[in-house]
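*Asks:* Test case, fold it:
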Amino acid sequence: MGNQYEDECRRSLASEQTKSLAETNNWAHVDKNQVHQDWDVLYREIAACLDDSLPGDRHIQELVRRHFDVTCRFYTPTRKAYVGTALLYSEDDAMREFHNSYHPRMVEFLGDAMKIFAERGAGFPS
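*Replies:* I've put the predicted structure just below:
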């Protein structure tokens with residue numbers, strides 16, 4: 001991925017989240033406790049198979065589909081915004097620390113898997 005594309009992804013994420021937050025009273029419709037529980041279960045599942053899998057493996061992509069589905073409880077991101085989420089996980093210290101608490105390579109692995117998922121395009125708005 002080039003820097004220009006990554007910058008577009010960061011901008012897409014920021015723009016789409018800002019718009020969604022404004023339209024939904026800061027995501028008041030989201031059961032945040034349930035979201036965090038669901039992500040916890042999901043991240044534990046990913047961590048358990050991360051060392052023996054590749055980001056593009058079918059079972060990993062099925063787990064990423066679940067990640068995308070949870071993300072869609074907030075808003076449905078475009079492909080670029082979803083890649084922007086992967087970049088956020090790697091570039092924000094707190095996000096990186098949180099995700100890597102499940103596995104030392106979680107951010108790198110999940111980010112690669114999310115990018116593959118976005119490239120394949122299923123479920124994204126046009």
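
*Asks:* Below-threshold pLDDT in this structure: ranges please.
*Replies:* 1-2, 126 (pLDDT under 70).

*Asks:* And the strands in it?
*Replies:* Taking DSSP state E as the criterion, the chain contains no strands.

*Asks:* ok, now which residue in it is the farthest from the centroid?
*Replies:* Asn25 (21.7 Å; CA atoms, centre = their mean).

*Asks:* any idea how far Glu6 is from that residue?
*Replies:* Relative to Glu6, Asn25 is positioned 30 Å away (CB to CB, to the nearest Å). For the C-beta atoms, the positions are set from N, CA and C on the backbone; glycine is no exception.

*Asks:* Likewise for Thr24?
*Replies:* Taking CB to CB, one finds Thr24 at 27 Å from Glu6.

*Asks:* try Pro125
*Replies:* 20 Å.

*Asks:* same deal with Pro77?
*Replies:* From Pro77 to Glu6 the distance is 15 Å (CB to CB).

*Asks:* So between those two, which is more surrounded?
*Replies:* Applying other CB atoms under 10 Å to Pro77 and Glu6 shows that Pro77 carries more neighbours, namely 23 against 16.

*Asks:* Now the more buried one: closest residue in space, sequence neighbours ignored.
*Replies:* Using CB to CB, 6 or more residues apart in numbering and skipping the chain neighbours, the partner closest in space to Pro77 is Glu16 (5.8 Å).

*Asks:* Roughly how far does His36 sit from Arg120?
*Replies:* Taken as CB to CB, the span from His36 to Arg120 is 27 Å.

*Asks:* could you pull out the helices for this structure?
*Replies:* 3-23, 32-49, 58-71, 79-91, 93-100, 106-120 (DSSP state H).

*Asks:* List the buried residues in the fifth one.
*Replies:* In terms of neighbour count (16 or more other CB atoms under 10 Å), helix 93-100 has its buried residues at Arg96, His99, Asn100.

*Asks:* what sits against the last one?
*Replies:* Same thing as Asn100. Neighbouring residues of Asn100 by CB atoms under 8 Å, 6 or more residues apart in numbering: Met106, Val107.
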